[in-house]
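Asks: Next comes the sequence, and after it the predicted model I'd like to discuss.
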Amino acid sequence: MAARTGSADLPLHGGHVPKWLADRMTRLGGVVCQAIVFHFGRDELLRRLAHPFWFQSFGAVMGMDWHSSGITTSVIGALKRGLAPLGKEIGVHVCGGRGKHSRQTPHELVSIGDRVGFDGSALAEASRLVAKVDSAAVQDGFDLYLHGFIVTDDGKWTVVQQGMNECRKQARRYHWTSEGLGSFVDEPHAAIEGLGHGKIINLTDRKAKPSRDAQLNLLATVGPDGIAREYSKLHVSEITRLPEPAQPLLPHLMMPAHHDVQHYDVIARRLHGSLAAAADRGPVDFPQLLLTPGVGARTVQALAMVAEVVHGTPCRFSDPARFSFAHGGKDRHPFPVPLRVYDETIRVLKSAVQTAKLGREEELHALKRLDEQARNLEQITNGPAIDELIASERQRSFSYEGRSVFGWEQPPPRKPMIGLPRCLVTHS
């Protein structure tokens, strides 16, 4: 994976994750990470967390707001809770979080290091430096408020942190990784999410090295007071004429401001491929699951999208909205969270991981085949329009125990009866 993978705009949203969803995100996040570590190892989990497109899709498949800044806080929180009891088993630990929790990161790293054997003090220093670079060296108008540090037993790590710009109602997420990191201050980001607004002073750019050296030299020769005197001599017009360093073009994930999922937010052929694979592989690979009345077939559809989160390559996550079709969204977009489906997804994944640890990998391989079939079918299959899929899910939401922050879904109103049923017709 390249050192820098792209950028994105994230609408800044408030609110909180209700407990009924947070608990499920904790369980689903933990078991998905277990599956990734089982198949590919801990380093691959770190790579995925360092990829902004995958991270957004991961949050969407867990039922969060598919496009908003809240995914960052909720995913980091869910992983911190979900991986805590699994730390000894898979050797992955999550530190930090939002606000006051971010300031506990160095202490947590030292504590984990004492327990598992890596240099916690060195990683604590890395944590502080990462936060300092994104808050001071990259002056882009976003104030950091979240810092999540994911570390493995062998001392490798990924950092996900986020800043906000309240005036613009937008957030920017920063991804760091220790893999292939030669310098903290020479283009170290795996990705910076967020569309640039105006001029950005990025002193981590390799082209800014002469500027960094000149600043240090100036500070050593004239001191802070001398710098202030020199700055006061400059006219504003001279300052604004300074050339802005060219930035490399990167893939940009534009997360829209609209809350509802529109047809252009989803690559329909990929979604149709998942639905077709679920219909094709479900009866073959999940016969017992499909005996569950009213839930099984729909759960296999969700599993197809979860399987892609586990097995997919970076290019597969350019449309995070598609993954919200697994378990909906807490805000009822694209549809309410189907709790019966969600719980069944967790049960199937947990069973697959547990049996794989005992040497029986049939269930995990069934999920892999589901993902492979989806990719094979997406080029040749067609399906209903996105709006029709959303309408259908909302119509059936009550039967899946649909729930959102607005409450439980109610049964759809019955259509008015035309005429009287034959059994009620009387003759004089």
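Replies: Sure, I can see it.

Asks: For residue 372, give its distance to residue 70.
Replies: Distance, residue 372 to residue 70, using CB to CB, to the nearest Å: 32 Å. All C-beta spots, glycine's among them, are computed from the backbone N, C-alpha and C.

Asks: So those two - more neighbours on which side?
Replies: residue 70 (22 against 14; other CB atoms under 10 Å).

Asks: Is the nearest residue to that one once chain neighbours are set aside within a helix or a strand, and which one?
Replies: The shortest distance from residue 70 to any non-neighbouring residue, by CB to CB, 6 or more residues apart in numbering, is to residue 13 (5.1 Å). Assigned by DSSP states H and E, residue 13 belongs to no helix or strand.

Asks: I'd say residue 13 and residue 65 touch.
Replies: Yes. Counting by CB atoms under 8 Å, residue 65 is a contact partner of residue 13 at 6.2 Å.

Asks: Neighbour count: those two, which is higher?
Replies: With neighbours defined as other CB under 10 Å, residue 13 and residue 65 compare such that residue 65 has more, 22 against 16.

Asks: Pretty sure that one sits against residue 329.
Replies: Yes. With contact defined as CB under 8 Å, residue 65 counts as touching residue 329 (5.9 Å).

Asks: quick one: low-confidence ranges for the stretch 301-428 of the chain?
Replies: 416-428 (pLDDT under 70).

Asks: so where do the helices sit in it?
Replies: Secondary structure of the stretch 301-428 of the chain by DSSP state H, counting those that start in this stretch: the helices cover 324-327, 339-357, 362-377, 386-396.

Asks: With distance to residue 9 added, can I get these in CSV?
Replies: Below are these laid out as CSV (distance: least, CB to CB, whole Å):
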stretch, distance to residue 9
helix 324-327, 17
helix 339-357, 28
helix 362-377, 28
helix 386-396, 21
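
Asks: just those: most buried one?
Replies: Each of those was scored by mean neighbour count; the highest is helix 324-327, a mean of 27, by mean count of other CB atoms under 10 Å.

Asks: tell me the mean pLDDT over the helix or strand where residue 108 lies?
Replies: Per DSSP H and E: residue 108 is located in helix 105-116. Mean per-residue pLDDT for helix 105-116: 96.

Asks: where does the residue nearest to residue 304 when sequence neighbours are not counted land in three-state SS?
Replies: Leaving aside its sequence neighbours, residue 304 sits nearest to residue 274 (CB to CB, 6+ apart; 4.1 Å). When classified by DSSP: H, G, I helix; E, B strand; the rest coil, residue 274 comes out as helix.

Asks: Pretty sure residue 322 sits against residue 269.
Replies: No. Residue 322 is not in contact with residue 269 according to CB under 8 Å; the separation is 10.3 Å.

Asks: the more surrounded of these two?
Replies: For residue 322 versus residue 269, neighbours defined as other CB under 10 Å are more numerous around residue 322 (26 against 14).

Asks: what's the closest non-adjacent residue to that one?
Replies: Leaving aside its chain neighbours, residue 322 sits nearest to residue 266 (4.7 Å; criterion: CB to CB, 6+ apart).

Asks: What is the neighbour count of the residue nearest to residue 304?
Replies: 30.

Asks: confidence score at it?
Replies: Reported pLDDT for residue 274: 96.

Asks: now residue 15
Replies: You'll see residue 15 listed with a pLDDT of 80.

Asks: Next: residue 38.
Replies: 95.

Asks: Which secondary structure state is assigned to it?
Replies: The three-state label given to residue 38 by three-state DSSP is helix.

Asks: Next one: it from residue 47, what distance?
Replies: Residue 38 is 16 Å from residue 47, where distance means CB to CB.

Asks: And those two? Which one has more around it.
Replies: Legend: neighbour count by other CB under 10 Å for residue 38 and residue 47, higher for residue 47 (20 against 16).

Asks: ok, and for the helix holding residue 108, which residues are buried?
Replies: For helix 105-116, burial by neighbour count (16 or more other CB atoms under 10 Å) applies to 105-106, 108-110, 112-113, 116.

Asks: right, and the residue nearest to residue 304 touches residue 374 too?
Replies: Yes. Using CB under 8 Å, residue 274 is in contact with residue 374, at 4.6 Å.

Asks: Common neighbours of those two, please.
Replies: 304, 308 (CB atoms under 8 Å, 6 or more residues apart in numbering).

Asks: element containing residue 67, please.
Replies: Counting by DSSP H and E, residue 67 is part of no helix or strand.

Asks: mind listing what the spatially closest residue to it that is not a sequence neighbour touches?
Replies: With sequence-adjacent residues excluded and distances taken as CB to CB, 6+ apart, residue 67 is closest to residue 255, at 4.3 Å. Contacts for residue 255 (CB under 8 Å, 6+ apart) come out as 8-11, 56, 67-68, 320.

Asks: for these, which one is nearest residue 34?
Replies: Nearest to residue 34 among those: residue 56, at 21.0 Å, using CB to CB.

Asks: Next, that closest one: secondary structure please.
Replies: From three-state DSSP, the assignment for residue 56 is helix.

Asks: Distance-wise, check the residue nearest to it when sequence neighbours are not counted relative to residue 42.
Replies: Excluding the flanking residues, the one nearest residue 56 by CB to CB, 6+ apart is residue 320, at 4.1 Å. Residue 320 sits 24 Å away from residue 42, going by CB to CB.

Asks: before we move on, what about residue 66?
Replies: Noted for residue 66: a distance of 27 Å to residue 42, by CB to CB.

Asks: So between the two, which is more surrounded?
Replies: residue 66 (29 against 19).

Asks: which strands and helices sit next to the host helix or strand of residue 77?
Replies: Residue 77 is part of helix 70-83 when elements are defined by DSSP H and E. Secondary-structure packing of helix 70-83 (3 or more CB pairs under 8 Å, 6 or more residues apart in numbering; DSSP states H and E): helix 19-40, helix 52-61, strand 92-98, strand 143-152, strand 157-165.

Asks: Quick check, the residue nearest to residue 322 in contact with residue 321.
Replies: Yes. Here residue 266 reaches residue 321: they are 5.1 Å apart, a contact under CB under 8 Å.

Asks: Those two: which is more packed in?
Replies: Ranked by neighbour count (other CB under 10 Å), residue 266 and residue 321 place residue 321 first, with 26 against 23.

Asks: Pull the contacting residues for that one.
Replies: Contacts of residue 321 (CB under 8 Å, 6+ apart): 60, 66-67, 261, 265-266, 334.
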